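Asker: Mind looking at a prediction? Sequence and model below.
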Amino acid sequence: MQHINMSSSSSSTHHPSAPCAACKFLRRKCIKGCVFSPYFPPEDPIKFTNVHKIFGASNVSKLLNEIEPHQREDAVNSLAYEAEARLKDPVYGCVGAISVLQRQVLRLQKELDATNADLIRFSSNQNILNMPQTTSGNYPQNPHALPPNYGTYSWNYNP
């Protein structure tokens, strides 16, 4: 499993003679002002490799040059995330992961609703058991229960 370093790579400093991961991958000299250098440090070559496989170095370079400098790091991190997701799921990419998570949330919501319904039923049953057992006439509320004086009849037969 590959891991993308989402931490601020623009603050990463590397030896001036060491090329960034992009220039190293592309086998070119990393010049001062390289558009890739702040976002693809030499310590994280997989990040650029994945982005290049999915989007291409030329497209990424164009994108970075077209957006404001303060937006570039977020753009590179988004590209890196989508590239990794596309490598894992070429058809759906990160949308596939989002879809799986949405289905999981729906399933868990249904499970939670069912559990809450069970709790309500249990609570209702407990309330019934804790209620007084007789009403007027001293008969139990349960219609199937026998009256309290059942079996104590006298047989006074007077013909």
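Answerer: Ah, there it is. Numbers count the residues shown, from 1 in each chain.

Asker: show me where this protein has strands.
Answerer: Here the chain has no strands by DSSP state E.

Asker: what's the spacing between the residue nearest in space to the middle of the chain and D113?
Answerer: What sits nearest the mean C-alpha location of the chain, by Cα atoms, centre = their mean, is L101, with 5.3 Å. Separation of L101 from D113 (Cβ to Cβ, to the nearest Å): 19 Å. For the C-beta atoms, the positions are set from N, CA and C on the backbone; glycine is no exception.

Asker: give me the low-pLDDT residue ranges for this structure?
Answerer: Counting by pLDDT under 70, the chain shows low-confidence ranges at 1-17, 129, 131-159.

Asker: Give the buried residues for the lengthiest helix in it.
Answerer: Ranked by residue count under DSSP state H, the longest helix found in the chain is helix 94-130. Within helix 94-130, the residues scored as buried using 16 or more other Cβ atoms under 10 Å are C94.

Asker: can you check stretch 34-42 too?
Answerer: 34-42.
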